[in-house]
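Visitor: Got a sequence here, can you build the structure:
(chains A, B, C and D)
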Protein chains: 4
Amino acid sequence: MEELSQEFLTTVIQPRPHHSHKGTFGRSVLIGGNETYGGAIIMSAEACLKSGSGLTSVITAEKNHAALHARLPEAMVLDWVLTQEFNDLVDTADVLLIGPGLGLSAHSEQLLETVLQRQKPEQWLVLDGSAITLFAQNHYALPYPEQVVFTPHQMEWTRLSGLKIGEQTFENNQAMQKQLGATIILKSHRTELYMQNVQYKNPLGTPAMATGGMGDTLAGMITGFLAQFKDKEGAICAAVYLHSLIGEELGKENYVVLPTEISKNLPHYMKRFERLKNKTEEK
Amino acid sequence: MEELSQEFLTTVIQPRPHHSHKGTFGRSVLIGGNETYGGAIIMSAEACLKSGSGLTSVITAEKNHAALHARLPEAMVLDWVLTQEFNDLVDTADVLLIGPGLGLSAHSEQLLETVLQRQKPEQWLVLDGSAITLFAQNHYALPYPEQVVFTPHQMEWTRLSGLKIGEQTFENNQAMQKQLGATIILKSHRTELYMQNVQYKNPLGTPAMATGGMGDTLAGMITGFLAQFKDKEGAICAAVYLHSLIGEELGKENYVVLPTEISKNLPHYMKRFERLKNKTEEK
Amino acid sequence: MEELSQEFLTTVIQPRPHHSHKGTFGRSVLIGGNETYGGAIIMSAEACLKSGSGLTSVITAEKNHAALHARLPEAMVLDWVLTQEFNDLVDTADVLLIGPGLGLSAHSEQLLETVLQRQKPEQWLVLDGSAITLFAQNHYALPYPEQVVFTPHQMEWTRLSGLKIGEQTFENNQAMQKQLGATIILKSHRTELYMQNVQYKNPLGTPAMATGGMGDTLAGMITGFLAQFKDKEGAICAAVYLHSLIGEELGKENYVVLPTEISKNLPHYMKRFERLKNKTEEK
Amino acid sequence: MEELSQEFLTTVIQPRPHHSHKGTFGRSVLIGGNETYGGAIIMSAEACLKSGSGLTSVITAEKNHAALHARLPEAMVLDWVLTQEFNDLVDTADVLLIGPGLGLSAHSEQLLETVLQRQKPEQWLVLDGSAITLFAQNHYALPYPEQVVFTPHQMEWTRLSGLKIGEQTFENNQAMQKQLGATIILKSHRTELYMQNVQYKNPLGTPAMATGGMGDTLAGMITGFLAQFKDKEGAICAAVYLHSLIGEELGKENYVVLPTEISKNLPHYMKRFERLKNKTEEK
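Guide: Below you'll find the predicted structure:
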């Protein structure tokens, strides 16, 4: 199992093309945030926007709209009822994220089903949090598994794979990834990535990051990276690595690192690695 | 086609007169922000206020008021229903901006029609975003075209001018500007300005600015500059140039520049160019 | 007419007594902020709290509560309906401020009347903005004029005093102050203070401060200073002077100074002048 | 009576274990914030989260949710009606805090009763503000007094203990603590801690901290410290000492220290003391 390294950042985070506009960097549509867990989708949106997604829309319970706009006027919002507008917005997405703060209600289930049914072959789909639990409970099929990313922590992976935590060995996890056909980001203090033909281990991460919302932030970063970068496997690897790298850096000065602090630092860190790449090449 | 330059900033951004009060720097009234795109008008308001408009009022869907006040208590708010209060507020404006997050509903159309009907000869009117699309669809007439600014991106310009993107040459654009009689700010990675007797090209801009909300921020800056500066053509040019200049500067340290970061930096950058002017004159 | 000076700051802003608690620094109750001008009372509350009032409560239209709490969880809120709770809260105040964003409705009038009726001899009362206009329209009487501060700008002073702007000379203003019996803070680019036995002129102020909300911020500072400092005349003078001093300082680096920036800098500036006093004495 | 000292910080604030996740650092459930005092529970939540609680949920009046999320998307929210969801959330807690902004209504009383009835032997319970007053009025019994912390100021302690302020001597307070069986944090400008077998005095604290919300912030810190640190007595002592230490430090540059500024500085200060401990040991 290879280790992720800084090279993923310098390879993926390229100078942006000069003749570009917001559409060039992708449309992200994020679905989640019920009456109790609204903060989760707000944190995902923050990570998605600040990682450079061209356009970011959030479909969430209406009670979360004011807080989202107060923090992030850059995001667009839609109430999460199943209307034509919902379908239309889902259809425009380059990347869809569903799950942060979604909850396990019948309504959440309907939203997930609709998204799974509507996914088009060119769209990427990230499933996080309760979307993974609902997916596992209902034994849904994936129309385009190779365009899907699951981001379970170990208990969610148990639900999805049937593997108890003690059985989550490299071989078993790899076998389950093959069966599902999707990319698996298995989160723990040393996150593992099971991709189509390769597996990585993340060498970074600090216990200062062990606080609620870190996963929502990672899911938002993966979405933002998929939206704008062409090398999709590289984009996922870079997002996972950068999330931990910023956490470790901030953790040197902070006993606990809040997820929103990671997002706040994204534009600056991404620039640093874009520049590093250029400097290396100029030599 | 001339290029915009820093001289527009040092010429337009003058030391403020000592015997002045908030009325001296203009009343701006901003209209937009429906249930989904509330963030757009919040971003415009932020840019308008931080560029120095004396008084800034925002007419928007009520659900956006709390977020606007949480970010910007300096702005006044009014629900966007067509009441006497709406008319009265529109009448007090020195500059009107309509469009950011306005949407394309029948209600949005009514708001636009009302504003076009009420515009007085001394008022400036900026049309942005969906107001441009609605204007094009409905073939409205402009009572005072020489007091009107359109800020289309290329697709909106197609709708307004009938020119396909491939046909948007200098000559064709100029001809259409003559026909409309209004100022056209044609946004792209190198924005072009078609004014009554002169045309400019903006040499600045960075792909780090290619993110949702940049146009809303520019529209707010143009509004704020028109509200307070006497040389209206200069004000528009200065707003366009400064928007990109701040974006480029922030882009040196940030992979993506969020629109609200541009606004945050306005008071400081404007001071820099006021001072530069004074220094030059002192020599 | 004497000029305000830094000495007012070093005299008034004393080291706080060691054996103190939040009650020591006064209870401020602020009333204002209708459906349109909610931001005004939020700005007053921010200034009041950050100038050191021990407890700050805001009575405002309910739609403003979320924005106020998002910015200032330190403030308490009450809907501005005339209930027993309203009366009880007014009765607990050491200082009452009414007016910022109050509006001119019949309801606003009722609120003002209630406050004027309930004022107790030991309570200070600050009337700002539309409260001044309503007061002038209705020819109310003041039960304890020597405990009242009016903070009109020139047009509001015309309404209150009957003096046209051209007639607002030192002698006329002084005569009207004698007649009203209250303290008058006549705001302009060089604010004048008409107090019981003395008059001052504020030598500071910059056109960078000519933006909506500056008056609301000043009213909040006066309230906070009255709440905590024993020398009431000195407290008012210090608040007026410090408001302009911070504005001038920030104006050196900012083309426009937003009111909330003044409030943000209050704790730091007040400490500076507390320290300056101590240093001088130590010599 | 011993004095608290920096040693409590370096002893309690240990490097976090490498193999940890958010559950390792505890689940905190905070209950309070009625229609008027919503800010209180927001301040507690801020302190709890920023001191490193793994998961933080807030049960409060629904009108406070938007402001809470706008400031703190990391927190989860639940309306404070007595539903099954309420019970379920209370049952998951490692530490419960009830009281900040709770109010004295019949509903507040019901919430408190429910919490007292549901407390499990392994759960810690912090009672603050109006929860103390309600507890005193109703003569409730404590099922697990040794797992309970009261944080009264002197007037609340009068209600709880029956001791008038003049009678609150060391001996009397100690005797009342023995009778109650719970830990008492008696807040004043020199806070006293009455624990099972030991008593401490806090030598720190500055009058700059005498402003509304300081107690809510302290209660949130105690909750966050109890959630994550094993030595519970040490955790309480460390929270009290650090709260004042940060206040004193910020008070050197600020005439008044707002409670939310204390919370903002928590991650950085906690890291400082973790590091100090390590440095000392390395010698």
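
Visitor: For the rest of this, base every contact and every neighbour count on C-alpha atoms.
Guide: Noted.

Visitor: Strand partners (parallel or antiparallel) of the helix or strand hosting A:Y200?
Guide: For A:Y200, the enclosing helix or strand under DSSP states H and E is strand A:199-201. When pairing is defined by DSSP bridges, strand A:199-201 lines up against strand A:2-3 (parallel), strand A:192-194 (antiparallel).

Visitor: State the mean pLDDT of the shortest one.
Guide: Mean pLDDT, computed over strand A:2-3, is 96.

Visitor: now do stretch A:54-66
Guide: 98.

Visitor: Single out the most deeply packed of the strands paired with strand A:199-201.
Guide: Highest mean neighbour count among the strands paired with strand A:199-201 (mean count of other CA atoms under 10 Å in any protein chain shown): strand A:192-194, with a mean of 25.

Visitor: What separation do you get for the residue sitting nearest the centre point of chain A and chain C?
Guide: The residue lying closest to the centre of chain A (CA atoms, centre = their mean) is A:A219, at 2.2 Å. Noted for A:A219: a distance of 26 Å to chain C, by CA to the nearest CA, to the nearest Å.

Visitor: pLDDT value on A:A136, please?
Guide: 97.

Visitor: tell me the contacts of it?
Guide: A:159-160 (CA atoms under 8 Å, 6 or more residues apart in numbering or on different chains).

Visitor: Quick check: it vs chain D, distance?
Guide: On the measure of CA to the nearest CA, A:A136 and chain D end up 22 Å apart.

Visitor: Could you export whichever strand or helix holds that residue as PDB, CA atoms only?
Guide: In this assignment (DSSP H and E), A:A136 forms part of helix A:130-138. What follows is helix A:130-138 as a C-alpha-only set of coordinates in PDB (Å, rounded to 0.1, in the frame of the first residue of the first chain):
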ATOM      1  CA  SER A 130     -25.900   9.100   6.700                       C
ATOM      2  CA  ALA A 131     -26.100   8.600   2.900                       C
ATOM      3  CA  ILE A 132     -23.700   5.700   3.400                       C
ATOM      4  CA  THR A 133     -25.800   4.200   6.200                       C
ATOM      5  CA  LEU A 134     -29.000   4.600   4.100                       C
ATOM      6  CA  PHE A 135     -27.200   3.100   1.100                       C
ATOM      7  CA  ALA A 136     -26.200   0.100   3.100                       C
ATOM      8  CA  GLN A 137     -29.600  -0.400   4.700                       C
ATOM      9  CA  ASN A 138     -31.400  -0.300   1.400                       C
END
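
Visitor: is it true that A:E146 touches A:I184?
Guide: No: applying CA atoms under 8 Å as the test, A:E146 and A:I184 come out as separate, 10.7 Å apart.

Visitor: which of these two has more neighbours?
Guide: A:I184 (24 against 16; other CA atoms under 10 Å in any protein chain shown).

Visitor: Who are the packing partners of the helix or strand containing the more buried one?
Guide: A:I184 belongs to strand A:183-186 when elements are defined using DSSP H and E. Of the remaining helices and strands, those touching strand A:183-186 by 3 or more CA pairs under 8 Å, 6 or more residues apart in numbering or on different chains; DSSP states H and E are strand A:148-150, strand A:192-194.

Visitor: Tell me where the stretch 51-200 of chain A is predicted with low confidence.
Guide: Along the stretch 51-200 of chain A, no part satisfies pLDDT under 70.

Visitor: A:C48 versus the closest residue in space to A:M43 that isn't next to it in sequence, what's the distance?
Guide: In space, and not counting its chain neighbours, A:M43 is closest to A:T217: 5.5 Å by CA to CA, 6 or more residues apart in numbering or on different chains. Using CA to CA, to the nearest Å, A:T217 is found at 8 Å from A:C48.

Visitor: A:S5: what's it in contact with?
Guide: A:S5 touches A:202-203, A:241, counting by CA under 8 Å, 6+ apart.

Visitor: ok, so what distance separates it from A:R16?
Guide: Counting by CA to CA, the gap from A:S5 to A:R16 is 22 Å.

Visitor: what does A:T36 give?
Guide: 38 Å.

Visitor: of those two, who's got more company?
Guide: Set A:T36 next to A:R16 and count neighbours by other CA under 10 Å: A:T36 wins out with 22 against 18.

Visitor: re earlier: out of the contacts of A:S5, flag the one nearest to chain B.
Guide: A:Y241 (16.9 Å; CA to the nearest CA).

Visitor: elements contacting the helix or strand hosting A:L245?
Guide: Element membership for A:L245 (DSSP H and E) is helix A:232-251. Secondary-structure packing of helix A:232-251 (3+ CA pairs under 8 Å, 6+ apart): helix A:6-12, helix A:214-228, helix A:259-264.

Visitor: quick one, it and helix A:214-228 angle?
Guide: On the basis of axes from the mean of the first three to the mean of the last three CA atoms, to 10 degrees, helix A:232-251 is oriented at 140 degrees to helix A:214-228.
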